[in-house]
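Asker: quick one: sequence and predicted model below, then my questions.
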Amino acid sequence: MSIGARDAPELPIGTPREAACHASVVDEWGASKPWYYESVVVVILLWLCFPIGLFLMWRGATWRQAVKVVITAAFVVLLTAGITAGLLSPR
């Protein structure tokens, strides 16, 4: 009789089973973090889908807070300018 996934004992975080399930990478301090917090992924998402990119940038990227504030402010300015230009354009 084989043991099902539901009957398997729970392993603590940081075990090989958890690493295989989440495909995480190791950051510069040796801590494990998910692939979607990688700087390359965050930058790509900032360009392709900025709400998700901003969320991941604030949630898990290991960037300085000043960099995060500048990037967020730039997106707010661009978004406000786009909305304002759309409202002021003649129809």
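Answerer: Looks like it arrived, so ask away. Owing to the predicted nature of the structure, the values given are computational and were not obtained by experimental measurement. Numbers count the residues shown, from 1 in each chain.
Asker: hey, let's count contacts and neighbours off CA atoms from now on
Answerer: Fine.
Asker: avg pLDDT for the longest helix along the chain?
Answerer: Determined from DSSP state H, the single longest helix within the chain is helix 65-88. Helix 65-88 shows a mean pLDDT of 93.
Asker: for that helix, name the packing helices and strands.
Answerer: helix 50-59 (3 or more Cα pairs under 8 Å, 6 or more residues apart in numbering; DSSP states H and E).
Asker: contacting residues around the longest helix of the chain?
Answerer: 54, 57-58 (Cα atoms under 8 Å, 6 or more residues apart in numbering).
Asker: of the residues you listed, closest to R91?
Answerer: Using Cα to Cα, L54 is the member of these that lies nearest R91, at 32.5 Å.
Asker: residues in contact with that closest one?
Answerer: So L54 contacts 42, 46, 72 (Cα under 8 Å, 6+ apart).
Asker: nearest spatial neighbour of the second one, skipping sequence neighbours?
Answerer: Right, the one you point to is L46. Sequence neighbours aside, G53 is the residue nearest to L46 in space, at 4.2 Å (criterion: Cα to Cα, 6 or more residues apart in numbering).
Asker: buried residues in stretch 44-55?
Answerer: Buried residues in stretch 44-55, counted by 16 or more other Cα atoms under 10 Å: 45-46, 50, 53-54.
Asker: nope, stretch 80-91 is what I was after
Answerer: Using 16+ other Cα under 10 Å as the test for burial, stretch 80-91 gives no buried residues.
Asker: restricting to C-alpha, output that stretch in PDB.
Answerer: Extracted C-alpha coordinates of stretch 80-91, given in PDB (Å, rounded to 0.1, in the frame of the first residue of the first chain):
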ATOM      1  CA  THR A  80      -1.900  60.900 -13.800                       C
ATOM      2  CA  ALA A  81      -0.500  62.500 -16.900                       C
ATOM      3  CA  GLY A  82      -2.200  59.900 -19.100                       C
ATOM      4  CA  ILE A  83      -5.600  60.300 -17.500                       C
ATOM      5  CA  THR A  84      -5.400  64.100 -17.500                       C
ATOM      6  CA  ALA A  85      -4.400  64.100 -21.200                       C
ATOM      7  CA  GLY A  86      -7.300  61.800 -22.000                       C
ATOM      8  CA  LEU A  87      -9.700  64.100 -20.200                       C
ATOM      9  CA  LEU A  88      -8.400  67.300 -21.700                       C
ATOM     10  CA  SER A  89      -8.300  66.100 -25.300                       C
ATOM     11  CA  PRO A  90     -10.900  67.500 -27.600                       C
ATOM     12  CA  ARG A  91     -13.600  65.000 -28.700                       C
END
